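Colleague: quick check, what structure comes out for this input:
(one chain, ligands or ions: 1)
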Amino acid sequence: MNAHQPPAPDFDTTFHFTGEPLDDAEALERRLRAIGAARYHDRHPFHHLLHDGKLTLGQVQAWALNRWYYQSSIPIKDALVISRFRDRALRREWRHRIEDHDGRDNDAGGIDRWLLLTTGLGLDPDYVTSARGVLPATRFAVDAYVSFVATRSPLEAIASSLTELFAPNIHERRISGMLENYDFITPEIMTYFKTRLGQAPRDAGFALDYVRTHARTPESRALVCEALVFKTEVLWVQLDALYHAYVTGHPPPGAFVPEDAP
Ligand SMILES: O=C(O)c1cc(C(=O)O)c2c(n1)C(=O)C(=O)c1cc(C(=O)O)[nH]c1-2
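Modeller: Alright, predicted model coming up:
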């Protein structure tokens with residue numbers, strides 16, 4: 001066992017979803033989809049406020065600023081995923097994810113598109129990329145995701161990306177809801193999400209096929225489910241922290257304070 005690996009929980013946190021044994025790939029996929037339906041961050045109250053136009057500009061800035069830390073960590077996470085595989089074909093397949101975010105010759109990449117969003121919202125790009133104003137909980141959660149893929153099995157590393165199965169729906173909802181409900185949102189600054197609508201299904205489809213094929217026992221299928229649960233928690237706690245800091249109104253010391261804060 002890797003020295004950095006936390007002890008496994010002594011209960012199956014996903015079993016209660018269906019109670020169905022994880023005997024084959026079909027049962028695994030059913031369980032994964034049940035986990036997404038119950039735990040994905042589209043259900044979080046902060047997202048409901050965001051998409052329904054209930055936040056101030058400052059609260060939307062806080063969301064985008066914190067999400068930058070997630071976005072900018074994804075290529076680091078994916079470089080670690082690649083480093084877990086001796087299989088060249090897997091590495092070839094996975095590496096476009098890094099370029100999707102970092103960019104390639106003729107494409108600025110997702111991180112630049114995210115900065116288009118934060119700049120369009122009025123944030124200074126130097127402040128955003130310094131990550132100085134990011135909430136401690138954002139940092140802890142995102143860093144835990146990066147550490148998870150480095151220290152768990154390669155199968156679990158791939159499985160932890162499976163939240164992307166559920167991302168296109170929330171991206172659609174976000175694009176239409178935010179454009180409709182905020183006068184400071186323009187189609188141009190939402191380009192990041194439009195691009196992801198094409199990228200996420202391909203990535204999620206590959207990861208789903210991978211776990212369906214390579215998790216060959218009920219025990220390894222359970223580990224795949226646990227990895228997805230872990231990842232839903234990584235996403236959820238970031239929104240809990242945003243809610244506490246910027247909706248309830250208790251930003252921790254050093255965190256971003258919007259100009260329109262009461
Ligand atoms: O806006 C969202 O709700 C959302 C969620 C997720 C996700 O489910 O992890 C990702 C993204 N966006 C995203 O843009 C993205 O590039 C991405 C990469 C990954 C991953 O785990 O490798 N998740 C996500």
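Colleague: in contact with the one residue in the chain that gets nearest to the ligand, which residues?
Modeller: As assessed by Cβ to the nearest ligand atom, the ligand sits closest to residue 163 within the chain, at 3.2 Å. In short, each C-beta sits where N, CA and C put it, glycine included. Counting by Cβ atoms under 8 Å, 6 or more residues apart in numbering, residue 163 makes contact with 36, 40, 228, 231-232, 235.
Colleague: the closest residue to residue 192 other than its chain neighbours: neighbour count?
Modeller: Computed as Cβ to Cβ, 6 or more residues apart in numbering, the closest residue to residue 192 that is not its neighbour in sequence is residue 113, at 3.9 Å. For residue 113, the count of nearby residues is 22 (other Cβ atoms under 10 Å).
Colleague: again, but for residue 83
Modeller: So residue 83, with other Cβ under 10 Å, has 12 neighbours.
Colleague: interface residues of the stretch 101-250 of the chain facing the ligand?
Modeller: With Cβ under 6 Å from any ligand atom as the criterion, the stretch 101-250 of the chain meets the ligand at residues 161, 163-164, 167, 170-171, 196, 235.
Colleague: would you mind giving the residues you listed as TSV with secondary structure and pLDDT added?
Modeller: Output for those, formatted as TSV (DSSP: H, G, I helix; E, B strand; the rest coil; pLDDT from 0 to 100):
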residue	secondary structure	pLDDT
161	helix	98
163	helix	98
164	helix	97
167	helix	94
170	helix	95
171	helix	94
196	helix	92
235	helix	98
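Colleague: and the residues you listed, which is closest to residue 27?
Modeller: The closest of those to residue 27 turns out to be residue 163 (Cβ to Cβ; 19.7 Å).
Colleague: how far away is the closest one from residue 84?
Modeller: 19 Å (Cβ to Cβ, to the nearest Å).
Colleague: next: residue 195.
Modeller: Using Cβ to Cβ, we find residue 195 at a distance of 27 Å from residue 84.
Colleague: those two: which is more packed in?
Modeller: residue 84 (20 against 17).
Colleague: so who does the more buried one touch?
Modeller: Residues near residue 84 by Cβ under 8 Å, 6+ apart: 149-150, 154, 157.
Colleague: which of those residues count as buried?
Modeller: Listed as buried from the contacts of residue 84 are 149-150, 154, 157; burial here means 16 or more other Cβ atoms under 10 Å.
Colleague: what's the most distant pair in the residues you listed?
Modeller: Greatest spatial distance in the buried ones among the contacts of residue 84: 150 and 154, 10.6 Å, computed using Cβ to Cβ.
Colleague: pLDDT and secondary structure for the contacts of residue 84 - can I get that in CSV?
Modeller: Below are those laid out as CSV (pLDDT from 0 to 100; DSSP: H, G, I helix; E, B strand; the rest coil):
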residue, pLDDT, secondary structure
149, 98, helix
150, 97, helix
154, 97, helix
157, 98, helix
